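Engineer: Sequence and predicted structure, then a few things I'm wondering about:
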Amino acid sequence: RELNIKTIGYMHGRFNEYHLGIFEFPFDKYLVWSSYFKNKLLNLSDKYKEDNIEVVGHSRINKKLPLVKRGKCILWLGESNIEYKEIIPFIKSIVGSGYNIVFRGKPGNENNLSLFLAENKLKIDKSNDYFSSLQNNNIGLVVGTHSTALMESWLVAIPSLALKSSYDYGSHLWEDGLIELCVDENDLIESINKHLNMQDNEILNIKTNIWNSKMYFDKEKVKNILTEI
């Protein structure tokens, strides 16, 4: 900055009020996934202005996203930094209700849950990537506490639902009206039924709120921005 060298940032993971560094030292151009994150950045920092934030889509999202047919199976996300003892009551409330539950964790996640998963005969998903997991397991709903995957499922028209925990990193998801938060395990079955029976237009509205109507990575726009800089 002292040498008047222009800087460009690209959003490589979602951000919220906890990501203080990006608010304090703004890029000359910051490339973000969607309008939601552009507005988030403008609301959280007075150092960014409209003209130095560009919506370019997610670099991992192209027109080859799989066509996922919604089923009745529920994908439970394994996540970091949470107390699973807070989440297990929610999962117990689903077991035996007629819904199949598949657990997809990060490496090592299932070690902390191995006994619970085995006792309740829950399938552990080993698909190479998240979208394959949704496709291969006939998933109709994703549940978790804070993962970015709760946002990404809407890309392929699969609803997600957040479960209440003491780790509030995902709080912007429900506070900003992107996805619903289930606070009490006794209400979970009702919330599941509601989400599994969502109409296509309802899903499209939420998908658009998160990712815009044009969600794919705009390579040409990025090239032009780089050329201008």
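Structural biologist: Happy to help now that I have it. Residues are numbered from 1 along each chain as shown.
Engineer: Helix or strand next in line after the lowest-mean-pLDDT helix or strand in the chain, which one?
Structural biologist: Scoring the helices and strands of the chain by mean pLDDT, DSSP states H and E places helix 20-24 at the bottom, with a mean of 81. Once helix 20-24 ends, the next helix or strand along the chain (criterion: DSSP states H and E) is strand 29-32.
Engineer: now that following strand, how far from the centre of its chain.
Structural biologist: Remark: strand 29-32 is offset 19 Å from the chain centroid, using Cα atoms, centre = their mean, to the nearest Å.
Engineer: Return the set of buried residues in whichever helix or strand comes after that strand.
Structural biologist: Later in the chain than strand 29-32, the nearest helix or strand by DSSP H and E is helix 35-44. Buried residues in helix 35-44, counted by 16 or more other Cβ atoms under 10 Å: 35-38, 40-41, 44. Bear in mind the C-beta positions are built from the backbone N, C-alpha and C, glycine included.
Engineer: L150 contacts S160, doesn't it?
Structural biologist: Yes - with contact defined as Cβ atoms under 8 Å, L150 and S160 form a contacting pair (4.2 Å).
Engineer: Now list whatever residues contact both of the two.
Structural biologist: Listed contacts common to L150 and S160 are 142, 144, 179; contacts here mean Cβ atoms under 8 Å, 6 or more residues apart in numbering.
Engineer: so which of the residues you listed is the most crowded?
Structural biologist: When neighbours are taken as other Cβ atoms under 10 Å, the top entry among these is V142 (28 neighbours).
Engineer: So it belongs to a helix, correct?
Structural biologist: No - the assignment for V142 is strand, going by DSSP: H, G, I helix; E, B strand; the rest coil, so no helix is present there.
Engineer: list the contacts for it?
Structural biologist: 74-75, 77, 134, 149-150, 153, 158-161.
Engineer: The residues you listed in helices, which ones?
Structural biologist: Among the contacts of V142, the members falling in helices (DSSP state H) are 134, 149-150.
Engineer: Which one (most neighbours) among those?
Structural biologist: Counting by other Cβ under 10 Å, top hit in the ones in helices among the contacts of V142: L134 with 30 neighbours.
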